[in-house]
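Trainee: what shape does this take:
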Amino acid sequence: MLTQEQIDQFDHDGFLNGGRIFADNEVAELSDELERIMKIGPKGFDEDAPQPVLFRDLAAGGYETNDRGEGPTPVWQIVNIWEASKAFEKLIYHPAVVGAISQLTGFADLQVWHDQIQYKPEGRGGATGWHQDAPLWPSIEPMTPVSAWIPFDDADVENGCMWMVPGSHRWGNQMEYLRRFGNLKLINEFGNIGGDFQPPEGTEVIEAKAVPRPVMQGEVHFHHSLTWHGSPTNPSPRTRRAIAIHYMTGEAKYTGRAHAMSQFIEIEVGEPMLNAGPHFPSVCRAGKPVVFAR
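Mentor: Purely as a prediction, here's the structure:
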């Protein structure tokens, strides 16, 4: 359970480190499963085998790639790894994570929009540019409000931890502004945003100031879907592996707009996502986390 102080901190900043909730053996199991999936690779799954929805190098665009589709500065993205791994399927139901999401959103009914691995190899892992999540997910409204981010390595400044801008979740959709900073990739330059940004009148935080957000192995970090965030390159001798689990509330409805997950939505436009099908599992009902039973 999160304390009221933690909830208030999240409400103010748009992000929160929820502390350590995973034991070493749990992290080791998930790390081993991730490495198993990485060895299979984006082209190695049998046609009829359970597999992720998407498996690609996000940073490969415009570069020469190898036979795995990997460019020179890879950021491996795996969407819905839970569909290829029982350990990750169990993770999306984790009662401490789901319970905290319910507290932070104020909703008793929750389901998974999708999960997302980001894997940055040691020494050459690429950057994830500044962005907000909700504008990139147009298929559902109201927006998916809070995500849980769980690292399998210590994610610190040295290996490219996430950076965030406190209070930015109160400033609305600012993706057009953030796209101006797609050139920022290195650790020593990544925080150079916001100098000329004027937050909307009446918001509590009136300065766009980027801060690094280290998260240690076994901890869980929560962020709002409008919080400005991104991560620089990983020049360190350590990997930076993590999963984000994106949850949606019982209010969410299908808009008909395109996203990688929209091909799996089994309802008509305007209908509730609660009935969208098996790719969007319910994980909390009436305020109680659903028990993983497989």
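Trainee: after the helix ranked longest in the chain, which helix or strand is next?
Mentor: In the chain, with assignment by DSSP state H, the single longest helix is helix 24-40. Moving toward the C-terminus from helix 24-40, the next helix or strand (DSSP states H and E) is strand 54-57.
Trainee: strand partners (parallel or antiparallel) of that following strand?
Mentor: Strand pairing for strand 54-57, using DSSP bridges, gives strand 76-79 (antiparallel).
Trainee: any chance you could map the helices in this structure?
Mentor: Counting by DSSP H, the helices of the chain are 4-13, 24-40, 86-92, 95-105, 175-178.
Trainee: and these as TSV, adding mean pLDDT, mean neighbour count and distance to residue 150?
Mentor: For the C-beta atoms, the positions are set from N, CA and C on the backbone; glycine is no exception. Output for these, formatted as TSV (pLDDT from 0 to 100; neighbours: other C-beta atoms under 10 Å; distance: least, C-beta to C-beta, whole Å):
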stretch	mean pLDDT	mean neighbour count	distance to residue 150
helix 4-13	97	15	16
helix 24-40	97	15	8
helix 86-92	97	19	8
helix 95-105	97	21	8
helix 175-178	96	16	24
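Trainee: quick one: the residue nearest the centre of the chain from residue 116, how far?
Mentor: Nearest to the mean C-alpha position of the chain, by C-alpha atoms, centre = their mean, lies residue 244 at 3.1 Å. Residue 244 sits 5 Å away from residue 116, taking C-beta to C-beta, to the nearest Å as the criterion.
Trainee: show me the shaky parts of the protein.
Mentor: Within the chain, the stretches with pLDDT under 70 are 294.
Trainee: show me what contacts the closest residue to residue 7 other than its chain neighbours?
Mentor: Leaving aside its sequence neighbours, residue 7 sits nearest to residue 103 (C-beta to C-beta, 6 or more residues apart in numbering; 6.1 Å). With contacts defined as C-beta atoms under 8 Å, 6 or more residues apart in numbering, the neighbours of residue 103 are 1, 2, 7.
Trainee: could you dump those residues into CSV with distance to residue 155 added?
Mentor: What follows is the contacts of residue 103, written out as CSV (distance: C-beta to C-beta, whole Å):
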residue, distance to residue 155
1, 24
2, 21
7, 23
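Trainee: residue boundaries of the strands in the stretch 151-294 of the chain?
Mentor: Remark: strands assigned in the stretch 151-294 of the chain by DSSP state E, counting those that start in this stretch are 163-164, 211-212, 219-224, 229-231, 240-249, 253-254, 282-285, 288-289.
Trainee: looking at those strands, which is nearest to residue 37?
Mentor: Closest to residue 37 of the strands of the stretch 151-294 of the chain is strand 240-249 (C-beta to C-beta; 11.1 Å).
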